[in-house]
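S.K.: Let me see the structure of the following:
(4 chains)
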Protein chains: 2
Amino acid sequence: MSAATIEAAARVLRTIPIAAAYQPRAAAQQAANCTTCHLRDLCLPCGMNEIDTGRLDALMFARRRIKAGQILYHEGDRFAFLYAVRSGTFKSNLTLPDGREQVTGFHIAGELMGLDGVAQGNHASTATALEDTEICAIPYAQLCELAQGSAGMQQLVTRLMSRELVREHSLMLLLGSMNSEERLAAFLLNLSRRYKARGYSASEFHLRMSRAEIGSYLGLTLETVSRTFSSFQQQGLLEVDKRHIRILDLVAFTASFEIRLH
Amino acid sequence: MSAATIEAAARVLRTIPIAAAYQPRAAAQQAANCTTCHLRDLCLPCGMNEIDTGRLDALMFARRRIKAGQILYHEGDRFAFLYAVRSGTFKSNLTLPDGREQVTGFHIAGELMGLDGVAQGNHASTATALEDTEICAIPYAQLCELAQGSAGMQQLVTRLMSRELVREHSLMLLLGSMNSEERLAAFLLNLSRRYKARGYSASEFHLRMSRAEIGSYLGLTLETVSRTFSSFQQQGLLEVDKRHIRILDLVAFTASFEIRLH
DNA sequence: CGATTAGTTGACTTGGATCAAAATTCGTGG
DNA sequence: CCACGAATTTTGATCCAAGTCAACTAATCG
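M.R.: Purely as a prediction, here's the structure:
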């Protein structure tokens, strides 16, 4: 098969209507397998026994590639799937009637998206890929059926949601009572911890989001984010080269912002 | 029985250790009954069929009175119960290491508290009564057992959590991208809607929380809250008498802040 | 290689914070 | 039931952190 043929095939795959891509037949071609997934200890099956994880495999989650800038689901879309990030980064955001946007979260490999859709049966936020990504689509109804048979499985979604609640609480604390330096530091330290848990460097990483997106998430303007980065650099805390960040002394940086916090 | 005797008995009841108050024996004395509760369409059994609601009754939720200023649970306390507010008002809050507080929510009759404890098995926030209150203590483990037998019941907690997620999203939007007038207006309109759903006036109500607590919740200082109330009054939008609030033209007030929003 | 987008930096403005003081309400013990 | 001290609320004066506006640079891409 020539390179041109592969390219053409890829193009066809990309243009499959969403509904079709979720059909068992299409899914079977590249179904996700939790048991062998390198993210299994971070993702949905985290803390689950082998039997339950095997049951998840039986659901044959469809895998899908979402290219940079594309939208996985819109606020208001019918909710039917939870999405697990396999690779890449997403943002979630809300829109006010007048057009103002608020980024409510960033999601990296092993994290779940879409839990806010359970309440009303419609997605409550919009999810956009910030780079080329791959996701698993988890059919929520089938997940609930599985939960009927297993107490461990049943607690799973509940616990994931509660974790999300705790995460949002801390973001409220950030938005409600921290200054700009604290906000940016908290953001970087949070990312650092998540990268570390995935085996990446905790002190050096590449941001996948723009200054404007960071600003929206932190309740700041993009100019303030940029200035705060510069200030951290001048204070000798960070090395900033565009979106490439290096925390010079992670221990000191953490300590400084965990204890001080004003 | 003399008044003094009653008073003495009440004092004894108040000093029963928490663990004892949760014993089935103690609970039986004043067990809650969802089927006949006037809050059943707002609270836990909302949307549930009669059979499932009956199953809830079988759990015999203990009822407890919490006096103004007392704490129902502390951040870090072992999580074992969800709490439904029967009457009165609670606040939830987080504390930063340096003592700064952030109020994360207010809870009135029919609302659930404690969902953020599911994630770690410990409460992630502190719940304090803002007036004399009454709650139902819902044993979480038993609720999960019930859920094993009923799909509807199983979805219940999940949906309640998701609703909470949506609520927190909108609070993030508020904290991240609204000015002080919009924040206070959004707060009042939200309270108004919740009172209305409970059969109270949507345009006239009594605030149970201080200016400082409102400020913490909205990410403002108490002085700014006070000034914004005064400003709304001067603009002819509200009548404010201490904690008693009257929205003069609810339709106009709603429209003005739903459309404008800046 | 222009044209668009992202990021930085500077100058200036401002909304809400801070500090301070007075007015009002509340709680408690005598 | 009253009085006194503590807590809450309002209002004014001042300040400053972050927003706004603007100019410029650097990277990205048809």
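
S.K.: So which residues on the stretch 101-250 of chain A come close to DNA strand D?
M.R.: On the criterion C-beta under 7 Å from any atom of the strand, DNA strand D has as its neighbours in the stretch 101-250 of chain A the residues A:N179, A:S180, A:E181, A:G219, A:L220, A:T221, A:E223, A:T224, A:K242. Where you see a C-beta, it was placed from the backbone N, CA and C, and this is true even at glycine.

S.K.: Using CSV, lay out those together with secondary structure and pLDDT.
M.R.: Formatted as CSV, the entries for those read as follows, by DSSP: H, G, I helix; E, B strand; the rest coil; pLDDT from 0 to 100:
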residue, secondary structure, pLDDT
A:N179, coil, 94
A:S180, helix, 96
A:E181, helix, 96
A:G219, coil, 95
A:L220, coil, 96
A:T221, coil, 96
A:E223, helix, 97
A:T224, helix, 97
A:K242, coil, 90
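
S.K.: could those go into CSV alongside distance to A:G76 and neighbour count?
M.R.: Shown next, in CSV, are those (distance: C-beta to C-beta, whole Å; neighbours: other C-beta atoms under 10 Å in any protein chain shown):
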residue, distance to A:G76, neighbour count
A:N179, 35, 12
A:S180, 33, 17
A:E181, 36, 18
A:G219, 24, 23
A:L220, 27, 22
A:T221, 28, 14
A:E223, 32, 11
A:T224, 31, 17
A:K242, 35, 9
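
S.K.: Show me what from the stretch 1-150 of chain A comes close to chain B.
M.R.: Taking C-beta under 8 Å from any C-beta of the partner chain as the test, the list of the stretch 1-150 of chain A residues beside chain B reads A:94, A:96-98, A:100-102, A:104, A:115-120, A:124-125, A:144, A:147-148.

S.K.: Swap in 6 Å and give it another go.
M.R.: For the stretch 1-150 of chain A, the residues found near chain B under the criterion C-beta under 6 Å from any C-beta of the partner chain are A:L94, A:L96, A:D98, A:R100, A:Q102, A:T104, A:D116, A:V118, A:A119, A:A124.

S.K.: The stretch 151-262 of chain A too?
M.R.: For the stretch 151-262 of chain A, the contact set with chain B under C-beta under 6 Å from any C-beta comprises A:157-159, A:161-166, A:168-169, A:172-173, A:175-177, A:219, A:261.

S.K.: Try it again at 10 Å.
M.R.: Contact residues (C-beta under 10 Å from any C-beta of the partner chain) of the stretch 151-262 of chain A with chain B: A:151, A:154-155, A:157-178, A:182, A:215-220, A:258-262.

S.K.: Surely A:L72 and A:I135 touch.
M.R.: Yes: look at A:L72 against A:I135 with C-beta atoms under 10 Å: they come within range, at 6.8 Å.

S.K.: Just want to know which of these two has more residues nearby.
M.R.: Remark: of A:L72 and A:I135, A:I135 carries more neighbours, 27 against 24, as counted by other C-beta atoms under 10 Å in any protein chain shown.

S.K.: Show me the common contact partners of A:L72 and A:I135, please.
M.R.: Common neighbours of A:L72 and A:I135, using C-beta atoms under 10 Å, 6 or more residues apart in numbering or on different chains, are A:R64, A:I66, A:F81, A:Y83, A:V85, A:F90, A:H107, A:M113, A:G114, A:A127, A:A129.

S.K.: Give me the pLDDT for the spatially closest residue to the second one that is not a sequence neighbour.
M.R.: Once its chain neighbours are removed from consideration, A:I66 has its nearest residue in A:A129; the separation is 4.3 Å (C-beta to C-beta, 6 or more residues apart in numbering or on different chains). A:A129 carries a pLDDT score of 95 in this model.

S.K.: quick one: contacts for A:A129?
M.R.: A:A129 makes contact with A:65-72, A:85, A:88-91, A:107, A:135, A:208, according to C-beta under 10 Å, 6+ apart.

S.K.: again, only this time at 6 Å
M.R.: Contacts for A:A129 (C-beta atoms under 6 Å, 6 or more residues apart in numbering or on different chains) come out as A:I66, A:A68, A:Q70, A:F90.

S.K.: gap between stretch A:193-202 and the chain center?
M.R.: Averaging C-alpha positions (C-alpha atoms, centre = their mean, to the nearest Å) puts stretch A:193-202 14 Å from its chain's average.

S.K.: show me the contacts for A:L184.
M.R.: For A:L184, the contacting residues are A:T228, taking C-beta under 6 Å, 6+ apart as the criterion.
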